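Student: The sequence isn't on hand, but the structure is:
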Ligand SMILES: Nc1ncnc2c1ncn2[C@@H]1O[C@H](COP(=O)(O)OP(=O)(O)OP(=O)(O)O)[C@@H](O)[C@H]1O
């Protein structure tokens, strides 16, 4: 279990995260939602121990995140970042194999190869192993990084997976595929915490939702509890109508197009 107790995070005297508390359990996917600049990525960096809260504490299975040594953490949790900077001509397979580095001493190379093949396959990259990463499209590169972080925790049944906007830049099929993989990992007993913007994907895949506003916890609960017209309006300043999706029985968030008068463009 991941327990977050009253964490705050301050940069240059400005509070970015304000008194956030929550629980996240293995077997469940928690989605973090909120407007641009609400503090979602910053919160994720505190939950995954990339950054240390200015006050408050984050514990994993009762142990403070700051007590884990870096190798132990790398074996227990993986993070898909919002952006990636790879400028060297690595092959796809070499990049995905980087996910296995924290386990290098523990396992035979064969097992690493098998895991890399499996994560390439599940990310739709079965025949991409030899290709140069730099020659892939943006969405394909994003899937390579997903395969890499999956390879990091593939054989760690109690792992925690952090995903920062994992579906940005992906087509419809791979948006669904990415979250379906995350859901399947939860079914295997892992925990997934994902920053997501598309509230309909949140409704279909998340078990719990944390809605952030200006660095504060605005609402926390199941998708049906959190995704309602009033809270969405307060947090995103967007008018919506909520229906029930007949295919999934989860909330369906319908938006109205915003109109900007052409005279405002002068
Ligand atoms: N290192 C930093 N120094 C100063 N300000 C920062 C720093 N990191 C984040 N911020 C500020 O904190 C706020 C929250 O940023 P964060 O990236 O967490 O937002 P977000 O909710 O993930 O936004 P988005 O949806 O746009 O990705 C922003 O106003 C940002 O400018």
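Tutor: That came in fine, so what should we check first? If you're wondering where the values come from, they're calculated on a predicted model, not measured in any experiment.

Student: got the residue ranges for the helices in the protein?
Tutor: Counting by DSSP state H, one finds helices in the chain at the ranges 40-47, 70-76, 92-98, 109-122, 138-153, 172-187, 199-205, 223-226, 229-236.

Student: now the fifth one against helix 109-122, angle please.
Tutor: Read that as helix 138-153. 140 degrees (axes from the mean of the first three to the mean of the last three C-alpha atoms, to 10 degrees).

Student: List the buried residues in helix 138-153.
Tutor: For helix 138-153, a neighbour-count test (16 or more other C-beta atoms under 10 Å) marks 139-153 as buried. Just so you know, the C-beta spots here come from the backbone N, C-alpha and C atoms, and that holds for glycine as well.

Student: what's the answer for the last one, then?
Tutor: Of the residues in helix 229-236, those scored as buried under the neighbour-count criterion (16+ other C-beta under 10 Å) are 231, 232, 235, 236.

Student: need the residues of the chain near the ligand, please.
Tutor: 11, 16, 34, 36, 37, 38, 39, 40, 41, 42 (C-beta under 6 Å from any ligand atom).

Student: One more pass at 5 Å, please.
Tutor: Residues of the chain lying near the ligand by C-beta under 5 Å from any ligand atom: 11, 16, 36, 37, 38, 39, 40, 41, 42.

Student: surely residue 89 meets residue 131?
Tutor: No - using C-beta atoms under 8 Å as the test, residue 89 is too far from residue 131 to be in contact (10.3 Å).

Student: how about the residues of the chain next to the ligand in CSV, adding distance to residue 161, neighbour count and pLDDT?
Tutor: Formatted as CSV, these follow (distance: C-beta to C-beta, whole Å; neighbours: other C-beta atoms under 10 Å; pLDDT from 0 to 100):
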residue, distance to residue 161, neighbour count, pLDDT
11, 26, 11, 95
16, 23, 19, 97
36, 23, 7, 97
37, 24, 11, 97
38, 22, 23, 98
39, 20, 22, 98
40, 16, 25, 98
41, 16, 16, 97
42, 19, 18, 98
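
Student: one step back: what about residue 89 and residue 131, which has more around it?
Tutor: residue 131 (15 against 10; other C-beta atoms under 10 Å).

Student: quick revisit: could I get the helices of the chain as JSON lines with distance to residue 59?
Tutor: Formatted as JSON lines, the helices of the chain follow (distance: least, C-beta to C-beta, whole Å):
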{"stretch": "helix 40-47", "distance to residue 59": "11"}
{"stretch": "helix 70-76", "distance to residue 59": "13"}
{"stretch": "helix 92-98", "distance to residue 59": "28"}
{"stretch": "helix 109-122", "distance to residue 59": "29"}
{"stretch": "helix 138-153", "distance to residue 59": "19"}
{"stretch": "helix 172-187", "distance to residue 59": "20"}
{"stretch": "helix 199-205", "distance to residue 59": "25"}
{"stretch": "helix 223-226", "distance to residue 59": "24"}
{"stretch": "helix 229-236", "distance to residue 59": "27"}
